[in-house]
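Novice: No sequence on hand, only this structure:
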């Protein structure tokens, strides 16, 4: 394959990889998935790598997901991701002695 997948096929691949919704791509706003397609140029292996990185630690991307849900007018979903982002920030700032 010399060219990547076009829209909406690349976005659908990401949604299908996140079938259980654990990573947040299944219900992600179209703008976020379109950005992912642009960054990977729609190449299936690059989409798989992006998903794998997100699946390893979905809380790392919670703030970015929250911003996209908020921009899409989905405040309830954004709030859940803002909470995850805050919890992750707290985890990162905890000292080992704590």
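Specialist: It's in. Just so it is clear, the model here is predicted, and its values are computed rather than measured. Numbering: from 1, shown residues only.

Novice: and residue 55, which of the three is it?
Specialist: When states are read from DSSP: H, G, I helix; E, B strand; the rest coil, the local structure at residue 55 comes out as helix.

Novice: Could you check how many residues crowd around the nearest residue to it once chain neighbours are set aside?
Specialist: Among residues not flanking residue 55 along the chain, residue 23 sits closest, at 5.3 Å (Cβ to Cβ, 6 or more residues apart in numbering). The way it works is simple: take the backbone N, C-alpha and C, and place the C-beta from them, glycine included. Residues within reach of residue 23, counting by other Cβ atoms under 10 Å, total 21.

Novice: just the helices in the protein please.
Specialist: Under the criterion DSSP state H, the chain carries helices at the ranges 9-17, 30-40, 44-56, 62-71, 75-93.

Novice: Give the other helices and strands that the first one contacts.
Specialist: Helix 9-17 sits against helix 30-40, helix 44-56, with contacts defined as 3 or more Cβ pairs under 8 Å, 6 or more residues apart in numbering; DSSP states H and E.

Novice: what about this protein, any weak spots by pLDDT?
Specialist: Counting by pLDDT under 70, the low-confidence segments of the chain come to 1-2, 97-98.

Novice: ok, and the closest non-adjacent residue to residue 70?
Specialist: residue 78 (4.0 Å).

Novice: Near that neighbour, how many other residues are there?
Specialist: Residue 78 - counted by other Cβ under 10 Å - has 19 other residues nearby.

Novice: same check, this time on residue 3
Specialist: Burial of residue 3 is recorded as 8 neighbouring residues (other Cβ under 10 Å).
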